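Enquirer: Pasting a predicted model and its sequence here:
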Amino acid sequence: MATDVPLTVLSRALDQAVSVLGGVQESQLGDPTPCPDWDVRRLVAHLVAAPARFVEMGSGGQPDWSTDPPVGLGEAASSFRANADELLATWRSKGEGADTSMADWQTAEVAVHTWDLVKATGQDRDLDPEVAERGMAFMSTGLTDENRGPAFGPEVQVPGDAPVYVRLAAVAGRAP
């Protein structure tokens with residue numbers, strides 16, 4: 001059914017983020033990323049915290065996105081996995097017919113930062129194109145010049161036939 005698709009794709013986005021987090025090396029933590037002013041350490045901490053923040057938002061909370069709790073590299077993938085599992089359990093608890101529109105935003109957030117981390121660490125990964133497609137569809141309609149804030153620069157122009165993750169990064173204001 002249609003409501004399963006956003007959650008299935010979100011689950012795949014979370015799975016590939018775990019894999020990419022597991023590929024980060026200690027020596028890369030100070031390296032720059034496509035996220036302005038963020039090094040790999042900050043990007044890892046932000047990505048690890050994202051699913052828990054989504055859970056908090058889903059229960060009516062307002063998480064602080066401006067700071068990220070420190071996370072050791074050795075626990076990054078397992079911490080993210082635990083947070084991701086909690087997020088998926090929260091979605092499942094909403095039951096049939098739940099409004100899953102926020103799942104596409106969550107997919108977009110995880111997909112962009114997974115791509116950022118792949119680029120920053122030079123990992124040779126084949127990322128799931130459907131994850132990027134759903135994330136890009138959400139960002140293309142959801143991000144405007146008025147609401148980009150400091151997290152997303154202006155959209156960067158890339159050829160229409162560029163790989164889907166390059167197009168997603170461009171929509172998010174990254175210069176791929």
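Expert: Received, thanks. Numbering: from 1, shown residues only.
Enquirer: what about the protein, any weak spots by pLDDT?
Expert: 1-3 (pLDDT under 70).
Enquirer: Next, name the residue at the spatial heart of it.
Expert: Taking CA atoms, centre = their mean, the centroid of the chain lies closest to residue 110, which sits 1.2 Å from it.
Enquirer: how about that residue, what does it touch?
Expert: Taking CB atoms under 8 Å, 6 or more residues apart in numbering, we find residue 110 in contact with 10, 13, 14, 17, 47, 50, 51, 131, 135. The C-beta positions use only the backbone N, C-alpha and C, and glycine is treated the same way.
Enquirer: which SS state does the fifth one fall under?
Expert: Residue 47 carries the three-state label helix when classified by DSSP: H, G, I helix; E, B strand; the rest coil.
Enquirer: which element is the residue nearest to the centre of the chain on?
Expert: helix 101-121 (DSSP states H and E).
Enquirer: Tally up the residues packed near residue 129, please.
Expert: 12 (other CB atoms under 10 Å).
Enquirer: burial count for the nearest residue in space to it that is not next to it in sequence?
Expert: Spatial nearest neighbour of residue 129, excluding adjacent residues (CB to CB, 6 or more residues apart in numbering): residue 164 at 4.9 Å. Residues contacting residue 164 under the criterion other CB under 10 Å number 18.
Enquirer: dump the residue contacts of residue 164.
Expert: Residue 164 touches 129, 132, 133, 136, counting by CB under 8 Å, 6+ apart.
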